[in-house]
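# Please work out how this folds:
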Amino acid sequence: MAAEMEGSSSGGCLEKLTSYVRTRKGTILAAEIILGFIILICYAMSIYGGYTAVAICETVIATVFFVVFMLELDKQFRVVHWIWSDLIRAVIGAALYLITSLICVFRGHGDGALITGGVFGLVAGVLYAYDAYTIYLVLKSSRENTAAPTDTFTTDPYIFSSSLCAV
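Below you'll find the predicted structure:
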């Protein structure tokens with residue numbers, strides 16, 4: 001019986017993984033993780049090994065967001081605004097990858113691993129920018145779909161609206 005439960009839970013996790021990777025957001029995050037590993041390997045093989053920090057940090061953070069969204073933990077932990085956090089992650093990742101990759105491509109003459117890592121980093125920067133753009137579209141559409149409250153009554157005793165103060 002325990003073996004059946006263990007098999008079903010791993011099957012459920014594998015099913016969640018495959019179904020999430022088939023979504024647009026899952027594909028983007030999976031590509032960011034894979035590109036991060038490729039860039040990390042290229043930078044580690046380079047003569048100048050000081051550029052690995054961006055690849056390590058962005059890969060770890062993208063993996064955390066991948067797991068959170070795959071397991072739908074964003075619906076359970078409401079303390080963090082996950083969409084805005086993901087937007088900030090994608091914008092910072094795009095900026096860091098583009099800056100460090102341009103430095104690596106221009107500086108790396110004679111170091112093929114550094115240039116290769118820089119080229120993959122430019123691709124990752126564009127992918128992170130596309131991710132930020134898709135997140136922005138989600139935020140924009142959710143803002144347009146939520147109407148502003150028209151009721152002036154409030155239950156907070158410290159906030160007085162005009163309808164409560166009128167005599």
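
# Show me the shaky parts of the chain.
For the chain, applying pLDDT under 70 flags the ranges 1-11, 147-167.

# quick one, helices of it?
Assigned by DSSP state H, the chain shows helices spanning 2-21, 24-45, 52-70, 82-107, 112-145, 162-165.

# show me the contacts for the residue nearest the centre of the chain.
Within the chain, the residue whose C-alpha comes closest to the C-alpha centroid is residue 86; the distance, by Cα atoms, centre = their mean, is 4.4 Å. Each residue near residue 86 by Cβ atoms under 8 Å, 6 or more residues apart in numbering is listed here: 65, 131, 135. For every residue, glycine as well, the C-beta is placed using N, CA and C.

# CSV please, covering the helices of the chain and showing distance to residue 76.
Below are these laid out as CSV (distance: least, Cβ to Cβ, whole Å):
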stretch, distance to residue 76
helix 2-21, 14
helix 24-45, 18
helix 52-70, 9
helix 82-107, 11
helix 112-145, 19
helix 162-165, 36
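
# leaving aside the residues next to it on the chain, what's closest to residue 80?
residue 74 (7.7 Å; Cβ to Cβ, 6 or more residues apart in numbering).

# got it, and residue 108?
residue 114 (3.5 Å).

# got it, and residue 67?
residue 73 (7.5 Å).

# Compute the number of surrounding residues for the one you found.
13 (other Cβ atoms under 10 Å).

# can you tell me how far the residue nearest to residue 108 sits from residue 91?
Separation of residue 114 from residue 91 (Cβ to Cβ, to the nearest Å): 25 Å.
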